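**Student:** When you get a sec, could you give me coordinates for this:
(2 chains)
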Amino acid sequence: MYRAPRGTTDILPGEQAYWRYIEQKAAGICQLYGYERIDAPTFEDTDLFTRSVGEETDIVTKEMYTFEDKGGNQLTLRPEGTAPVCRAYLEHGLHNQPQPVKLYYMASIFRYERPQAGRYREHHQFGYEAIGDADPALDAEVIEMAWRFFTSLGLRQLTLELNSIGCKKCRPRYLAAIKDHYTSHRRELCPDCKIRLQRNPLRLLDCKNPSCQGVADSAPRSTDYLCPECEEHFSRLKGYLKLPFTINHRLVRGLDYYTRTVFEIQPEEGGAQSTIGGGGRYDDLIEELGGKPTPAVGFASGLERIILNLKKQNVPIPPLPKPRVFIAHIGDEARDEAIKLASRLRQTGIGVIEATGKKSLKAQLRQANTLGARHAVIIGEDEIRTGTVILRDMTGAEQNVIASSQLEAELREGSL
RNA sequence: GUGAGUGUAGCCCAGUGGUCUAAGGCGCCAGGUUGUGGCCCUGGAUAUCGAGGGUUCAAAUCCCUCCACUCACCCCA
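**Tutor:** Below is the predicted model of the structure:
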C-alpha cells in the first residue's frame, strides 16, 4: 500500500478548520498593517538559496531538495520564504514603488530533515517582509504584528526574545572576540562546537550541550560589540517596542543573511521544537542577490507548530460551514424529483446534500444526522402526487407537509 | 546524520511460543415499523498481527534486516 512520503502528511477534512482559521487571521492582520500577498514558485534556481541562506548552513549543506530538470537546470524546492520574495522584488522592479514594499506569503517549505513532532519535510509557513527601509520603527512593527497575529489566534503565554547581532561593519570584530574566547576554552567544547568554531562561530552560542554551557555563559555578547549605528538602531527599537521581551544574548538564527535585529516567539511551555515564529533584519541580502543596497526586515511562522499549540491550549476553532439541508427520497420517481429539487435549491444559494444510492429512509436520515444537517426534506410517492414535501427539523423531531413550491421560503425563514 | 522507544481492523487498544481460523471499545453497515435520525438492543463487514527473512513440531508472541511513527540530539517554523 502507498503511504505519504516520509515527513509529509495529508491534511484531512477534519483538520481543515484549523488551516482556514489561521489563513483568515493571517490575511486579516496583513490587511491591518498594509501587507499584500505574493505567491512565488515552489522551486527556484538552486543558486538563489545557496547565495542567500549561506553555503555553510545546515539548510544548504544537507537539507535542500535539489534536482536537475530535463533542461539541465539546477533547481531547489524552496527551503525558506524570504529569498524568493527578494528575488521577485528585484525581478519586477518593486524598488520603483514607495518603500518599504510590504509583502506576505503562505507557502509550502521543503527541508530534508528527520521528522519529529512539529518538524516535517514539507511544512507550511506564513511570513511577511518589509523591504526598503532601515527605520527601527519598522522592526518594531514587524515584531508587534507577529505578536498580534499569535494572540489574535487565541494563543496565550507567549514569550518574545530579542537580540541584535550587528552589521557587516561591527560583526567581524565580534566574531573575532567569539573565536578568541572559544579558542581559549577549546578543551571544554563538545565535538560539534569544535567544528562550529571553524565554520560558523555565531552558532557556538546556542549549543545546548552541558559541557559548552559554561563557555557560552561567559562568552562575549554581541550587544557589547555593536557599532554606534547598530547600537542606536537597537536602542531605538527597544524604545518603540511596546511588548514584554527579554534580551537573549545567545539568540542567533540559522540563516546567514540576518543583520542587526533577530527575534523569536515561543510558547512558555515549549518542547524541543517550540519556536512558532521568528525573524529579523537582513539589510545586505538584496544587494547580495544583485540589487542596490536595500535594507529589509521580515518574519516567518510555522503553521503546523501553530496548530500544535492551538490544540495544546484548547483554543476553540470556528467550524467550517457546510450544507444544512439533506434531501431524502423513497422510490425511483421520488429520486428523480429529489435531483431536480436539489438543483433548484442550490440555484438559489441553499446548500444541499442529497441522498444517493438505494438506502432505506432510515439509513438516509441517519446519514443526515451524522452529517449535522439542520433540516431533512423527505419526498415519497404521496408527496409527488400532491406536489408537497415533508420538511423535518433535525434538531428536534417536528415535521410539516408543505407545498414543494414553498420550500425555499420555509428554509430561508429557518435562519439558514 | 546519531541515540532510545513503539508498530495488532479507519481510530483506541487486549493478547509475551500452542486453547489466536486474534478479544473489546469507537466508527461503519444492516435489522428491531409497512416511509423517519439522534438513546437503547441485536446482528454483520473490516486485520496477509508494519515488510521481508530466520529459529521452532508450532510465532502476533523469540532472533535478524528493512520501513514507518514517537521522543531526545542536531537543526529550525
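**Student:** what residues are up against A:Pro260?
**Tutor:** No Pro there; residue A:260 is Arg. For A:Arg260, the contacting residues are A:Asp139, A:Ser164, A:Ile165, A:Gly166, A:Cys167, A:Cys230, A:His233, A:Phe234, A:Gly280, A:Arg281, A:Asp283, by CB atoms under 8 Å, 6 or more residues apart in numbering. Every residue, glycine included, has its C-beta placed from N, CA and C.
**Student:** And it, how far from RNA strand B?
**Tutor:** Counting by CB to the nearest atom of the strand, to the nearest Å, the gap from A:Arg260 to RNA strand B is 16 Å.
**Student:** so when I look at that residue, I'm seeing a helix, right?
**Tutor:** No. Applying DSSP: H, G, I helix; E, B strand; the rest coil, one finds A:Arg260 to be strand, outside a helix.
**Student:** Phi first, then psi, for the residue in the stretch 101-250 of chain A positioned nearest to RNA strand B.
**Tutor:** RNA strand B sits closest to A:Ala117 of the stretch 101-250 of chain A, with a gap of 2.5 Å, by CB to the nearest atom of the strand. A:Ala117 adopts backbone torsions of phi -60, psi 130, taken as degrees, to the nearest 10.
**Student:** Assess the claim that it and A:Asn309 are in contact.
**Tutor:** No. With contact defined as CB atoms under 8 Å, A:Ala117 does not reach A:Asn309; the gap is 11.6 Å.
**Student:** Compare neighbour counts for these two and give me the winner.
**Tutor:** A:Asn309 (23 against 11; other CB atoms under 10 Å).
**Student:** quick revisit: among the contacts of A:Arg260, which are located in helices?
**Tutor:** Among these, the ones falling in helices (DSSP state H) are A:Asp139, A:Cys230, A:His233, A:Phe234.
**Student:** Among the residues you listed, which one is most surrounded by other residues?
**Tutor:** A:Asp139 (28 neighbours).
**Student:** which parts of the helix or strand where A:Ile178 lies are buried?
**Tutor:** Here A:Ile178, judged by DSSP states H and E, is contained in helix A:171-184. Across helix A:171-184, burial judged by 16 or more other CB atoms under 10 Å covers A:Arg171, A:Tyr174, A:Leu175, A:Ala177, A:Ile178, A:His181, A:Tyr182.
**Student:** same question, stretch A:259-277
**Tutor:** A:259-267, A:274-277.
**Student:** same thing with stretch A:310-320?
**Tutor:** Neighbour-count burial for stretch A:310-320 [16+ other CB under 10 Å]: A:Leu310, A:Val315, A:Ile317.
**Student:** So the first one belongs to a strand, correct?
**Tutor:** No. Remark: A:Leu310 does not belong to a strand; assigned using three-state DSSP, it is helix.
**Student:** Quick one: residues contacting it.
**Tutor:** A:Leu310 touches A:Tyr18, A:Leu153, A:Gly154, A:Leu155, A:Ile317, counting by CB under 8 Å, 6+ apart.
**Student:** Can you pull out the low-pLDDT segments for the stretch 251-400 of chain A?
**Tutor:** Filtered on pLDDT under 70, the stretch 251-400 of chain A yields the residue ranges A:270-273.
**Student:** Could you rerun that using 90?
**Tutor:** A:251-256, A:268-274, A:311-314, A:356-359, A:395-397 (pLDDT under 90).
**Student:** and A:Arg148, what is it in contact with?
**Tutor:** A:Ile29, A:Leu32.
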